[in-house]
Structure formats: structure tokens, C-alpha cells
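*Asks:* Sequence and predicted structure, then a few things I'm wondering about:
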Amino acid sequence: MTSPATSPATRPATRPAPKWQELPSEVAETARPDRRTRRVRVIGVGPGDPDQVTLEAVAAMRSVDFFVVTDKAPRRGADSGSDDPLVIARERLLARHLDHPPRLVVVADPPRDRSAVGTADRPGYERAVGDWHDARAEAWAAALRANDGDAGFSAGFLVWGDPAFYDSTIRVLDRVAELLPVEVDVIPGISSLQLLAARHRIVLHEVGRPVHVTTGRALAEALAHGQENVVVMLNRDLSPLADPALADWRVWWGANLGTPSEALVAGRVGDVLGEIEAARRTVKDAAGWVMDVYLLRRT
């Protein structure tokens with residue numbers, strides 16, 4: 001898979017050109033409700049390596065009529081594609097596994113409150129995420145209404161990793177179901193947790209012991225409750241690891257797993273934190289984005 005950081009101008013000419021459709025912003029306001037059921041397939045596509053997409057996921061991708069893609073970058077024009085590196089990565093993944101140009105219905109991602117004031121505490125954070133999910137549901141419902149086809153048509157949503165781990169797609173589609181009838185099925189994918197363990201050749205837990213999965217935002221809370229073996233996802237930064245109390249813990253870290261910009265670091269937190277921070281910056285510079293995950297264990 002070509003790095004998502006590759007500019008649109010340098011994409012291989014042999015790649016099937018996707019059929020881009022930009023959803024008009026007024027559709028959500030003018031569409032009338034109806035009771036036709038839309039079939040939606042949520043497809044886990046793994047952390048990024050096209051070879052780690054399951055046969056079931058490939059079959060699902062080939063079964064849908066179009067893909068709804070949320071775009072976080074400004075568009076240059078209806079036919080020019082996206083500058084969002086994650087949209088480009090999805091486009092390349094589809095090119096690898098489909099034998100025809102995919103039809104992409106592009107939906108601009110609604111704004112989300114990420115301010116320190118608005119998300120300082122848990123209620124504020126949950127309110128901001130809830131508002132964002134509501135706005136996404138409206139946009140996705142509009143995309144489904146605007147792209148009705150023959151009876152039995154289906155839409156696909158590609159989800160990085162596995163849809164069950166810290167991804168909002170299923171929750172947002174539950175809200176879409178309050179706006180129009182949808183029938184949703186979910187195809188699992190290889191998660192970054194699995195790939196992290198495989199890359200480092202480790203088991204995520206000690207013999208007979210639990211593993212706790214949480215986010216960077218909630219790591220301090222997990223440690224305060226006595227968790228000693230924690231997988232940490234959705235990291236805004238690595239500041240939680242700077243806690244002196246964690247210096248003697250062991251960390252297994254990975255970023256952009258399954259992509260050309262993949263990076264791995266492991267060791268005593270106090271010894272390797274600087275190396276991890278430098279590797280994280282390098283990955284983001286190379287790919288234009290960074291998704292990292294790590295296992296933190298008291299030793």
C-alpha cells in the first residue's frame with residue numbers, strides 16, 4: 001500500500017479512478033423522510049496493510065453499490081479527489097481489492113469541539129462527542145437518501161482496524177436508524193491491538209491475568225484504579241507516559257501499523273520515552289497522520 005502521505009498528483013496511473021460524488025449541503029434539509037430500508041455494511045479493513053484485509057471483508061466490499069466516505073480535508077473540486085490522507089488510503093485499499101472503480105459518496109466531516117474549555121471534564125467531552133455524532137448521523141442519512149438505487153442496494157463504510165474498538169461508526173449508524181430505516185451488518189477486521197502484539201512478538205496479558213483497554217485521555221484514571229497491564233489507544237500525545245511513577249514500567253509502542261510509515265519501540269518507559277516521541281514525530285511527518293497504540297505493563 002502506498003503511503004497515505006503521497007500527494008494526489010503522484011498516485012499511480014494504473015489505479016482505477018474512483019467515481020467521486022460530493023453530497024450537496026442542502027440535501028439534509030430538503031430530503032423527505034421515507035420508510036424504505038437501506039442496507040449498510042460496516043467493513044473492518046485492518047490497520048492499513050491491504051494484505052491484512054480478510055476474505056470476508058473483500059467479499060463485502062465487492063457487494064456494495066457505493067461507499068460513504070467522511071472527508072476531513074477541504075476539497076479542491078467535485079472530481080479532483082481528497083487531500084485527506086485517510087481518504088486517500090481508503091481509496092488505494094479499494095483499488096487493491098476491487099476490479100472496478102469504486103463509487104465514493106464524500107461527506108464533509110462536521111466540526112467537533114476539541115477546545116480545552118469545552119472538553120476539560122468528562123461531561124463536556126461526552127457532550128462534544130455526542131453533538132459530533134448527531135451531526136455525522138444527519139450527514140450520513142442525507143448521503144443514503146440521496147443515493148437510493150434499485151431495490152436491495154447497499155452502502156459500505158470502511159473502518160480502520162476492527163469496528164468494535166474505539167470507533168464511532170456503529171454508534172453513529174444507530175443514530176441514523178432514528179432518522180430512516182437501515183439494516184446494518186458488521187464485518188470484523190484485524191485490530192491494531194492484534195498487530196501490535198504480533199509485531200512485538202508478545203502476548204497482551206500475563207498468564208491468567210486481564211488486559212485493560214482504554215484511551216490516552218483515560219489512562220490516569222485506569223492506573224488510579226489499580227490497572228497494571230493496559231493497552232492505550234486514541235492518543236492525542238504521549239504526555240501520560242511522562243509521569244515519573246511510570247518510569248520503571250515497560251512499554252511496547254507502535255504507530256501507523258501495517259503502513260509504510262510503521263514504527264515500533266519497546267523498553268523501559270524511562271529509557272525509551274524520548275525515542276518514542278521522536279518516532280511519533282517522524283511518522284506524522286512522513287504520513288501526514290499518526291495513529292499509535294501501546295501496551296503499558298508494571299514490571
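*Replies:* Good, I have the coordinates.
*Asks:* use CA for all of it now, contacts and neighbours both
*Replies:* OK.
*Asks:* where are the low-confidence patches of this protein?
*Replies:* Low-confidence segments of the chain (pLDDT under 70): 1-34, 73-82, 148-152.
*Asks:* if you go through it in chain order, where are the strands?
*Replies:* Under the criterion DSSP state E, the chain contains strands at 19-22, 38-44, 66-71, 103-108, 154-159, 182-187, 212-215, 229-233, 250-255, 263-268, 292-297.
*Asks:* Surely residue 173 touches residue 137?
*Replies:* Yes: the criterion here is Cα atoms under 8 Å, and residue 173 meets it with residue 137 at 6.6 Å.
*Asks:* Now render the strands of the chain as TSV, adding distance to residue 165.
*Replies:* Converted to TSV, the strands of the chain look like this (distance: least, Cα to Cα, whole Å):
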stretch	distance to residue 165
strand 19-22	29
strand 38-44	10
strand 66-71	18
strand 103-108	23
strand 154-159	10
strand 182-187	13
strand 212-215	9
strand 229-233	9
strand 250-255	16
strand 263-268	21
strand 292-297	12
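*Asks:* And those: which comes nearest residue 145?
*Replies:* strand 38-44 (8.7 Å; Cα to Cα).
*Asks:* And the strands of the chain: which comes nearest residue 90?
*Replies:* Across the strands of the chain, residue 90 has its closest neighbour in strand 154-159 (7.5 Å, Cα to Cα).
*Asks:* on that earlier part again, for residue 124, find the nearest of the strands of the chain.
*Replies:* Shortest separation from residue 124 across the strands of the chain is recorded for strand 212-215, at 16.5 Å, computed as Cα to Cα.
*Asks:* Outside of that closest one itself, list whatever touches it.
*Replies:* Strand 212-215 is contacted from outside by 222, 227, 229-235, using Cα atoms under 8 Å, 6 or more residues apart in numbering.
*Asks:* Dump those residues to TSV, plus neighbour count.
*Replies:* Formatted as TSV, the contacts of strand 212-215 follow (neighbours: other Cα atoms under 10 Å):
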residue	neighbour count
222	18
227	18
229	24
230	23
231	23
232	21
233	22
234	16
235	18
